[in-house]
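Novice: Sequence unavailable; structure follows:
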């Protein structure tokens, strides 16, 4: 009889602990944003609720003079592969170039290596974010030209949605003006 009395309480305790929400953030090393009062850190935000869980990469910009923080968030499951500072004083350009996977094209398995990398420009203080490439565009190569303040991006759209580059896919070359954040050409 005593065991039957204890059993419901044990079940309630196990059920309550299984619903525990986990929500925490890890920060990577601080990196100075040259020519500004800011540093940035890449972050990984871990979320677990009941049966679902996930993580996402993001950036945190911190003003070293005032302590102001500016998070740059990306969708759940995003993966930041690289961050580069684009600082060209003669052209008055000081921005961050972020290469990241932020889109789950098939909406089935989450963001992974089969999804396209996007080219994203973030202001040096983290307050503005501009995605240069479309969700379905697979970036193959990019190059920045400091003399002109432009970035050239080449890649393709997987028109037949088979997950690989082949003859039926539409290749594209894009040239962006980094100062005015406008597209100069698309072919």
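Specialist: In hand now; what should we look at? The structure presented is a predicted model; accordingly, all values stated were derived computationally and were not measured.

Novice: contacting residues around residue 137?
Specialist: Counting by Cβ atoms under 8 Å, 6 or more residues apart in numbering, residue 137 touches 116, 118, 155, 156, 157, 172. Every residue, glycine included, has its C-beta placed from N, CA and C.

Novice: Who does the helix or strand containing the third one pair with, and is each partner parallel or antiparallel?
Specialist: Under the assignment given by DSSP states H and E, the secondary-structure element containing residue 155 is strand 150-157. Taking DSSP bridges as the criterion, strand 150-157 forms sheet pairs with strand 137-145 (antiparallel), strand 170-177 (antiparallel).

Novice: returning to what we had before: going through the contacts of residue 137, which ones are buried?
Specialist: 116, 118, 155, 156, 172 (16 or more other Cβ atoms under 10 Å).

Novice: which residues touch the fourth one?
Specialist: With contacts defined as Cβ under 8 Å, 6+ apart, residue 156 is in contact with 137, 138, 140, 165, 169, 170, 171, 172.

Novice: Give me the nearest residue to the third one, chain neighbours excluded.
Specialist: Of all residues beyond its chain neighbours, the one nearest residue 140 is residue 155 (4.6 Å), with distances taken as Cβ to Cβ, 6 or more residues apart in numbering.

Novice: Compile the buried ones among the contacts of residue 137 into CSV and extend it with columns for distance to residue 61 and pLDDT.
Specialist: Converted to CSV, the buried ones among the contacts of residue 137 look like this (distance: Cβ to Cβ, whole Å; pLDDT from 0 to 100):
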residue, distance to residue 61, pLDDT
116, 25, 91
118, 19, 95
155, 28, 94
156, 32, 93
172, 31, 96
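
Novice: Nearest to residue 181, out of the residues you listed: which one, please.
Specialist: Among these, residue 118 lies closest to residue 181 (Cβ to Cβ), at 15.2 Å.
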